[in-house]
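> one predicted model, sequence on top.
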Amino acid sequence: MIDVDIHKLLNLLVYNPEKPILLNSAFFLYFFTAFLLLYLAVGRSKEGRVAVFTIFSLYFFYMACGLYVGLVIISAIVDFNLSRWIYYSENQRKRKLLLILSIVLNLGLLFYFKYTDFFIGIVNDVTNGDIPFLKLLLPIGISFYTFENLSYTVDVYRREFKPVDNFMDYLFFLSFFPKLMMGPIVRAHDFIPQISKPYELNSEDIGKGIYLIMAGLFKKMVISDYINENFVQYIFDDPSKHTGLECLLGVYGYALIIYCDFSGYSDIAIGIARWTGFKIPPNFDSPYQSSNITEFWRRWHISLSSWLRDYLYIPLGGNRKGKVRQYINLSLTMLIGGFWHGASWNFIFWGAMHGAALAVDKVRLDWLKARGGGSTGWVGTIMKVGGVIITFHFVCFCWVFFKASTFHDAWSLLHQVAFDFQPEVWLELYNGYTTVFWVMLLGFILHFLPKRVETFTELALARVPLVGNVAIMVVFFYVLNQIMSLETMMPIYLQF
């Protein structure tokens, strides 16, 4: 009997491809409790904190994708050494060659796992060839830590940041488990200086952390998972079987799903980081409140948007080489941003649509600036509300291609909305999906709440004694367990 129990326990502690560890999985609660107890025990020692955090981070990654954890370690070894050679070399040609080597190695690794089959498919289509697909398993988080490696070596090359002397500090930064799988994309110059600071946890950190973790779990496990499992997935599986009204509501639902799913994970990551003494910038800022597409990309996936701006758009020339070149740079940046999301023509089209919209919006903003600015007063308010509605629907239109498996499915859904709307089925639809639509309404209401509501809640939690906060978390997890979906839903951005 004891041997059987030990065997079961060992099975739980070994990577299972059918049940990878996730921030919203039951195993993570035990993992995080053990981590936090050990982390607090060594809290006074910088070396102890780094060691505990790094070991748990690598184990977390192992439980998420098995032996691919080795890629994180190899990436850390390569870029730790290359960055130091770049920084301490006085030969500019050598420095540039080392930077190019870092870029080639990082992007080469990403392209091999993520895009090899995509380009094999293109070659086969063009040449009528029959090159077999490699069918590589995409390592979880590779897109995120690749971009972190690249920003680190580029910043070192620009002499904007001195490379770390301790390899464990860099491995700790790269493997930091709260953001390892799904971001945010953290810059080394924001994170690494915090490693040496004394670990101090105040009431503000506790309140902020609790709010972010609870909000993130609620968005992911209650709103996103429920709507996806009970409505949206049915629509996108075969849009042609549904009326245009169902398809439109399915698109609205997906807009909420992808926001709650991804921002929920980001909130959890930022909240956990806050509890462990690290401040990570927010990754989302109520993006559907945006009144134009430029504002939307300042609020959506902020860490990716800013990364593309600093390491792609500006090096391409930004707005320094004339208006036409600026519009081309915007379009090209978003096209590459779409390709970053996945090896699919759908993602490329999605990125191209956003790039074109950003270029058009830049023309509009320049025209308004030349006229002395936009409208004010009640006219300005109406224009802003109209801008929010138009921007939201453009983003939703693009989400159709982001979500749909093929172009055919995307156009099929749009065809249903345009030519087979059938508004008369609304009552039957409501009766069939009453709870889903109320959850959707709740999600949008929470999204459009003023920022001060979030600030008030954080401050209120900060004033609650530690015992009270523990009680709040226990009650929250109990309620969450009662209402969450029975099956753990894989995060959407895990595939990127």
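Arrived safely.

> chain center to the helix or strand hosting Leu217: distance?
Under the criterion of DSSP states H and E, Leu217 resides in helix 203-217. Mean-position distance between helix 203-217 and its chain equals 19 Å (CA atoms, centre = their mean, to the nearest Å).

> so what touches the next helix-or-strand element following it?
Next helix or strand after helix 203-217 toward the C-terminus (DSSP H and E): helix 225-227. When contacts are defined by CB atoms under 8 Å, 6 or more residues apart in numbering, helix 225-227 is touched by residues 253, 256-257, 261, 435-436, 439-440, 443, 484-485, 489. From N, CA and C alone the C-beta is placed, and that goes for glycine too.

> map the structural domains onto the sequence of the protein.
Per the record, the chain has its domains at 11-195, 203-490, by automatic domain parsing.

> okay if I get those domains as TSV plus mean pLDDT?
Shown next, in TSV, are the domains of the chain (pLDDT from 0 to 100):
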stretch	mean pLDDT
domain 11-195	90
domain 203-490	91
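
> would TSV of the ones you listed with mean neighbour count be doable?
Listed next are the domains of the chain as TSV, based on neighbours: other CB atoms under 10 Å:
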stretch	mean neighbour count
domain 11-195	17
domain 203-490	17
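
> that older thread, farthest-apart pair in the contacts of helix 225-227, please.
Asp261 and Thr435 (18.8 Å; CB to CB).

> now do the same for Asp165: helix, strand or coil?
coil (DSSP: H, G, I helix; E, B strand; the rest coil).

> rewinding a little: packing partners for the helix holding Leu217?
helix 244-275, helix 451-463, helix 466-483 (3 or more CB pairs under 8 Å, 6 or more residues apart in numbering; DSSP states H and E).

> can I get these in a markdown table including distance to Ile213?
Below are those laid out as a markdown table (distance: least, CB to CB, whole Å):
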| stretch | distance to Ile213 |
| --- | --- |
| helix 244-275 | 4 |
| helix 451-463 | 11 |
| helix 466-483 | 8 |
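
> ok, which of the ones you listed comes nearest Ser45?
Of all these, helix 244-275 sits nearest to Ser45, with 17.8 Å by CB to CB.

> what's the first helix or strand after that closest one?
helix 293-299.

> need the three-state assignment for Ile131.
Classified using three-state DSSP, Ile131 is coil.

> for it, what are phi and psi?
Main-chain torsions, Ile131, degrees, to the nearest 10: phi -70, psi 130.

> distance check, it against Glu200.
57 Å (CB to CB, to the nearest Å).

> which parts of the stretch 301-450 of the chain are helices?
302-308, 323-341, 345-370, 377-403, 407-419, 426-432, 434-447 (DSSP state H, counting those that start in this stretch).

> tell me the angle of the fourth one relative to helix 345-370?
Looking back up the chat, that one is helix 377-403. Counting by axes from the mean of the first three to the mean of the last three CA atoms, to 10 degrees, helix 377-403 lies at 160 degrees to helix 345-370.

> got it, and the fifth one?
Computed by the same axes, to 10 degrees, the angle separating helix 407-419 from helix 345-370 equals 50 degrees.

> could you dump helix 407-419 to CSV, C-alpha only?
Taking Å, rounded to 0.1, in the frame of the first residue of the first chain, the C-alpha atoms of helix 407-419 are listed here in CSV:
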residue,chain,number,x,y,z
PHE,A,407,-9.3,31.5,-43.9
HIS,A,408,-12.3,29.5,-45.0
ASP,A,409,-13.7,29.3,-41.5
ALA,A,410,-13.1,33.0,-41.0
TRP,A,411,-14.9,34.0,-44.2
SER,A,412,-17.6,31.6,-43.4
LEU,A,413,-18.3,33.3,-40.1
LEU,A,414,-18.2,36.7,-41.6
HIS,A,415,-20.6,35.5,-44.4
GLN,A,416,-23.1,34.3,-41.8
VAL,A,417,-23.0,37.7,-40.1
ALA,A,418,-23.4,39.6,-43.4
PHE,A,419,-26.0,37.4,-45.2
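
> and the contacts of that helix?
Residues from elsewhere that reach helix 407-419 (CB under 8 Å, 6+ apart): 235-236, 238-240, 242-244, 246-248, 250-251, 345-346, 349, 397, 400-401, 404.

> any idea how far it is from the middle of the chain?
27 Å.

> that one to helix 244-275, inter-axis angle?
120 degrees.

> re the thing from before, so which of the helices and strands packed on helix 203-217 is nearest Phe60?
helix 244-275 (11.1 Å).

> which other helices and strands contact the closest one?
In terms of contacts (3+ CB pairs under 8 Å, 6+ apart), helix 244-275 is packed against helix 177-180, helix 203-217, helix 225-227, helix 233-237, helix 377-403, helix 407-419, helix 426-432, helix 434-447.

> output the contacting helices and strands for the fourth one.
Spelled out, that is helix 233-237. By 3+ CB pairs under 8 Å, 6+ apart, helix 233-237 packs against helix 244-275, helix 407-419.

> got the CA positions of that helix in PDB?
C-alpha atoms of helix 233-237 as PDB (Å, rounded to 0.1, in the frame of the first residue of the first chain):
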ATOM      1  CA  GLN A 233     -16.000  27.100 -29.200                       C
ATOM      2  CA  TYR A 234     -19.200  25.700 -30.600                       C
ATOM      3  CA  ILE A 235     -19.500  28.700 -33.000                       C
ATOM      4  CA  PHE A 236     -15.900  28.600 -34.200                       C
ATOM      5  CA  ASP A 237     -15.900  24.800 -34.700                       C
END
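
> let me see the residues that make contact with that helix.
Outside helix 233-237, the residues touching it (CB under 8 Å, 6+ apart) are 242, 246-247, 249-250, 253-254, 403-405, 409, 413.

> quick check: what element follows the lengthiest helix in the chain along the chain?
Ordering each helix of the chain by length in residues (DSSP state H) puts helix 92-127 first. Sequence-wise, the next helix or strand downstream of helix 92-127 (DSSP H and E) is helix 142-157.

> dump the residue contacts of Ser57.
Counted by CB under 8 Å, 6+ apart, Ser57 has contacts 172, 175-177, 180.

> swap in Phe402?
Phe402 sits next to 258, 341, 346-347, 350 when contact means CB under 8 Å, 6+ apart.

> try 7 Å
346-347, 350 (CB atoms under 7 Å, 6 or more residues apart in numbering).

> and the longest helix of the chain with helix 323-341, angle?
70 degrees.

> what's helix 92-127 packed up against?
Helices and strands touching helix 92-127, by 3 or more CB pairs under 7 Å, 6 or more residues apart in numbering; DSSP states H and E, are helix 69-88, helix 142-157.

> quick one: the first one to chain centroid distance?
This points to helix 69-88. 24 Å.

> what does the shortest one give?
In this view, helix 142-157 has its centroid 16 Å away from the chain centroid, taken as CA atoms, centre = their mean.

> which residues touch that helix?
Under CB under 7 Å, 6+ apart, the answer for helix 142-157 is 71-72, 75, 79, 82-83, 86-87, 95, 99, 102-103, 106, 109-110, 113, 161, 163, 174, 180, 182-183, 185-189, 307, 311, 340, 496.

> against Phe161, how distant is the nearest residue to Ile77 once chain neighbours are set aside?
Nearest residue to Ile77 in three dimensions, chain neighbours excluded: Phe167, at 7.5 Å (CB to CB, 6 or more residues apart in numbering). For Phe167, the distance to Phe161 (CB to CB) stands at 16 Å.

> can you check Leu429 too?
With CB to CB as the criterion, Leu429 and Phe161 are 54 Å apart.
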